[in-house]
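Undergrad: can't give you the sequence, but here's the structure:
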């Protein structure tokens with residue numbers, strides 16, 4: 001399908017009220033990184049699940065004719081990404097370029113999801129921003145066209161346009177929705193340091209264990225459907241985790257977090273994305289909240305947040 005991203009905007013639409021959107025983070029219940037392709041990208045196979053925890057964006061048409069992002073950082077981490085490299089700013093510049101939209105956007109971004117945690121905070125921000133920009137510009141692009149823009153910004157960005165659990169393959173652009181599991185509670189544990197995604201992929205490329213092959217798709221998806229069974233044996237894995245556990249400095253931190261989660265009566269404990277956040281799954285949100293309170297007392301410098309699966313794009317507010 002050829003999608004025209006050059007929809008010309010001959011005039012700026014009449015001033016519209018600002019739009020406020022939530023940008024939910026995600027976890028990867030399962031993540032396999034396949035062998036690098038000729039174009040340098042690694043295909044993946046993954047189960048992405050959006051959570052009821054994330055950032056908030058308020059977007060309006062700019063009165064000064066430039067794209068700007070105002071950041072309020074409430075995240076677990078302390079790093080503040082400069083405007084020029086912030087994905088929301090890059091999304092605004094890309095949207096205006098591809099659509100020839102004559103207006104510009106002012107964005108207030110409240111960050112709760114730490115950078116470098118494997119939770120997709122920046123990617124979700126970019127997807128929410130693209131949807132807001134498109135609405136304020138009079139909807140010049142359909143969702144397929146927005147997805148093409150999203151992929152230019154990052155491999156995880158297209159997923160967040162859809163707002164529900166999915167089996168994700170390719171670079172991240174092949175998205176198959178999965179049935180909603182809104183009864184699952186989740187505890188996120190951020191170890192106090194971020195993970196370098198590029199460095200993590202270099203570790204994978206240097207491995208010699210014969211990994212990089214697809215997993216058993218049917219078994220993985222059956223495991224997702226079976227989460228509420230109460231069993232504690234699932235076929236999920238994360239290709240980064242064994243490598244991280246070998247690190248002399250951070251390996252014991254990851255191992256300690258996962259051990260504490262497993263002892264808190266969770267159904268499954270794992271690593272999200274290329275780290276650094278770990279997570280535990282619980283039969284219901286109340287159990288996750290109880291586990292969060294216990295984990296706070298023994299966290300040893302880690303940050304802990306309980307939340308739950310999302311069925312679709314939330315209309316609620318996130319509170320840290």
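TA: Alright, I've got the coordinates. Nothing here was measured: the structure is a model prediction, and the numbers come from that model. Numbering: from 1, shown residues only.
Undergrad: helices or strands up against the lengthiest helix in the chain?
TA: Longest helix in the chain, counting residues (DSSP state H): helix 121-136. Where contact means 3 or more C-beta pairs under 8 Å, 6 or more residues apart in numbering; DSSP states H and E, helix 121-136 is packed against strand 19-33, strand 44-61, helix 87-99, strand 105-111, helix 143-153, helix 157-162. Placement of C-beta: from N, CA and C, glycine included.
Undergrad: What helices and strands are in contact with the shortest one?
TA: Helices and strands in packing contact with helix 157-162 are listed as strand 19-33, helix 121-136, helix 143-153, strand 174-177; criterion 3+ C-beta pairs under 8 Å, 6+ apart.
Undergrad: Let me have these in JSON lines, adding mean neighbour count and mean pLDDT as columns.
TA: Formatted as JSON lines, the helices and strands packed on helix 157-162 follow (neighbours: other C-beta atoms under 10 Å; pLDDT from 0 to 100):
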{"stretch": "strand 19-33", "mean neighbour count": "24", "mean pLDDT": "96"}
{"stretch": "helix 121-136", "mean neighbour count": "26", "mean pLDDT": "97"}
{"stretch": "helix 143-153", "mean neighbour count": "18", "mean pLDDT": "94"}
{"stretch": "strand 174-177", "mean neighbour count": "14", "mean pLDDT": "94"}
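Undergrad: can you list the weak-confidence ranges in the stretch 101-250 of the chain?
TA: Scanning the stretch 101-250 of the chain for pLDDT under 70 picks out the ranges 208-211.
Undergrad: Any idea which residue is closest to the centre of this protein?
TA: For the chain, residue 120 is the residue whose C-alpha lies nearest the centre (C-alpha atoms, centre = their mean; 2.3 Å).
Undergrad: mind checking how far that residue is from residue 233?
TA: As judged by C-beta to C-beta, to the nearest Å, residue 120 and residue 233 stand 27 Å apart.
Undergrad: one step back: the helices and strands packed on helix 157-162: which one's closest to residue 294?
TA: Residue 294 lies closest to strand 19-33 among these, at 20.0 Å (C-beta to C-beta).
Undergrad: what's the angle between the closest one and strand 105-111?
TA: 60 degrees (axes from the mean of the first three to the mean of the last three C-alpha atoms, to 10 degrees).
Undergrad: Residue 244 is in contact with residue 250, correct?
TA: Yes. If you go by C-beta atoms under 8 Å, residue 250 and residue 244 touch, sitting 6.3 Å apart.
Undergrad: Of the two, which one has the most company?
TA: Ranked by neighbour count (other C-beta atoms under 10 Å), residue 250 and residue 244 place residue 244 first, with 20 against 16.
Undergrad: Look up the closest residue to that one, ignoring the ones flanking it.
TA: residue 254 (5.4 Å; C-beta to C-beta, 6 or more residues apart in numbering).
Undergrad: what comes up buried for whichever strand or helix holds the one you found?
TA: According to DSSP states H and E, residue 254 maps onto helix 251-262. Along helix 251-262, these residues count as buried under the neighbour rule (16 or more other C-beta atoms under 10 Å): 253-254, 256-258, 260-261.
Undergrad: With distance to residue 203 added, can I get the helices and strands packed on helix 121-136 in TSV?
TA: Shown next, in TSV, are the helices and strands packed on helix 121-136 (distance: least, C-beta to C-beta, whole Å):
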stretch	distance to residue 203
strand 19-33	10
strand 44-61	16
helix 87-99	24
strand 105-111	27
helix 143-153	24
helix 157-162	24
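Undergrad: Quick one: closest of these to residue 310.
TA: Within the helices and strands packed on helix 121-136, the stretch nearest residue 310 is strand 44-61; the backing value is 4.4 Å (C-beta to C-beta).
Undergrad: How far does stretch 204-221 sit from its chain's centre?
TA: Relative to its chain's centre, stretch 204-221 lies at 21 Å (C-alpha atoms, centre = their mean, to the nearest Å).
Undergrad: ok so, going back, so the residue nearest to the centre of the chain sits right up against residue 273, yeah?
TA: Yes. Counting by C-beta under 8 Å, residue 120 touches residue 273, with 6.9 Å between them.
Undergrad: Report the separation between residue 32 and residue 238.
TA: 8 Å.
Undergrad: what's the answer for residue 106, then?
TA: 38 Å.
Undergrad: Equivalent analysis for residue 181, please.
TA: 19 Å.
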